[in-house]
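>>> dropping a prediction and its sequence here:
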Amino acid sequence: MKKPMRTGNERGMVLLLVLVVVALLSALLSEFAFSTLIDMRLTETFRDTTRAQYLARGGITAGRMILQTDTNGYDARNDPKELWSIGVQDYPLAEGTVSVRIDDLDGRLPLNKLYNQSGDFPDQAYIDRFKGLCGDLALDNPDALADALIDWLDPNHTPEAGGAEDAYYRSLNPPHEATDGSLRSIDELRLIRGFDAETVEQLRPFVHSVVGSDGKLNINTASPEVLLIWNPAMTSTMVEDLLSWRDKDTFKSFNNLNADLTVAIGQNSANALTLDNYKVKSSYYLINSQGRVNDGARRMQAIVNKTGDKLLWQKVN
């Protein structure tokens, strides 16, 4: 008995079916290969990011060790004896790099000093400094920002004229309450009425939130913006003269501060300043450390008290 012969249509259908199966298998293999590649890259990135985090952590430790080697009687930038002020940029370590920068926080405005927690009253000198800084930075409504910050710091529940207490914060979405105590980090400002992200970033280089600071300003490390608002008698010309002198020399002793200022800005200008509000040596520092391995990167920040090498705050980004 003869087998039935396949027609052209049947052969075409078989060929089409084979092509479809081959195409599906090819797509499946391509998808599998792509997924495998993605998983491999994610694993490599996770591995490198983990290694970078350990490098960043090592950078924090190195920064603390550098601060402990600083035993002279002053703290300043642009001084060859101040190793902490030099920093480290992309230092090769293992299979990656680490960068470390150390900033003196005693050269900034202490926000927690706007309200005297022990004396239970707003401190007008620091309030005026804060308002002056906000004005110089062209921030909206410095008075309202100061009022809101005072309400956040004080323990009572009576809002200042431009401030806010729990009733306002509970009405937000999501709701929260005022701390009624000291700030723990600059990022906490974003919870306070009027302090949006842009405002906080503009303030960040000039302020700090260290609890326990003596509130005095290191005249060696303060920025022009902070120097200008620190004393009502300070003028732009005096700041320029001070910075010009500071580029060449350092205020090395508080006992000689008046004499050095006389050389730097003139006798009359030096006598107009209240020197008890200044100092030449610091205790609190912000250490920024970044580790990088291939495409993996991690950044860590820490606030330390150089006296006793105490870690006060730490954050991983």
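Received, thanks.
>>> where does pLDDT dip in this protein?
1-12, 25, 29, 32-42 (pLDDT under 70).
>>> now do the residue most central in space within it against residue 197, distance only.
With the centre of the chain defined as its mean C-alpha position, the nearest residue by Cα atoms, centre = their mean is residue 204, 6.6 Å away. As judged by Cβ to Cβ, to the nearest Å, residue 204 and residue 197 stand 11 Å apart. C-beta: built from backbone N, CA, C; applies to glycine.
>>> all strands of this protein, in order?
For the chain, strands defined by DSSP state E occupy the ranges 88-93, 96-104, 109-110, 115-116, 121-122, 207-208, 217-218, 278-279, 284-293, 296-305, 310-316.
>>> nearest to residue 30, of the ones you listed?
strand 296-305 (27.7 Å; Cβ to Cβ).
>>> who does that closest one touch, helix- and strand-wise?
helix 8-68, strand 284-293, strand 310-316 (3 or more Cβ pairs under 8 Å, 6 or more residues apart in numbering; DSSP states H and E).
>>> mean neighbour count, those: which tops it?
Greatest average neighbour count among the helices and strands packed on strand 296-305 goes to strand 284-293 (a mean of 23), per mean count of other Cβ atoms under 10 Å.
>>> pairing partners for it, with directions?
Strand 284-293 has these partner strands in its sheet, going by DSSP bridges: strand 96-104 (antiparallel), strand 296-305 (antiparallel).
>>> and that strand, C-alpha only, in CSV?
What follows is strand 284-293, C-alpha atoms only, in CSV (Å, rounded to 0.1, in the frame of the first residue of the first chain):
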residue,chain,number,x,y,z
TYR,A,284,34.1,69.0,66.8
TYR,A,285,34.7,67.8,63.3
LEU,A,286,32.7,66.4,60.4
ILE,A,287,34.5,63.5,58.5
ASN,A,288,33.3,62.8,55.0
SER,A,289,34.7,59.5,53.5
GLN,A,290,33.9,57.9,50.2
GLY,A,291,35.0,54.4,49.1
ARG,A,292,34.9,53.3,45.4
VAL,A,293,35.5,49.9,43.8
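>>> neighbouring contacts of stretch 227-237?
109, 128-129, 132-133, 136, 217, 219, 222, 239, 242-243, 269, 272-274, 277-278 (Cβ atoms under 8 Å, 6 or more residues apart in numbering).
>>> buried residues, it. List them.
Neighbour counts over stretch 227-237 (16 or more other Cβ atoms under 10 Å) mark 227, 228, 229, 230, 231, 234 as buried.
>>> rewinding a little: make a markdown table out of the strands of the chain and add distance to residue 15.
Compiled in a markdown table, the strands of the chain are given as follows (distance: least, Cβ to Cβ, whole Å):
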| stretch | distance to residue 15 |
| --- | --- |
| strand 88-93 | 60 |
| strand 96-104 | 55 |
| strand 109-110 | 80 |
| strand 115-116 | 85 |
| strand 121-122 | 88 |
| strand 207-208 | 76 |
| strand 217-218 | 84 |
| strand 278-279 | 89 |
| strand 284-293 | 52 |
| strand 296-305 | 50 |
| strand 310-316 | 60 |
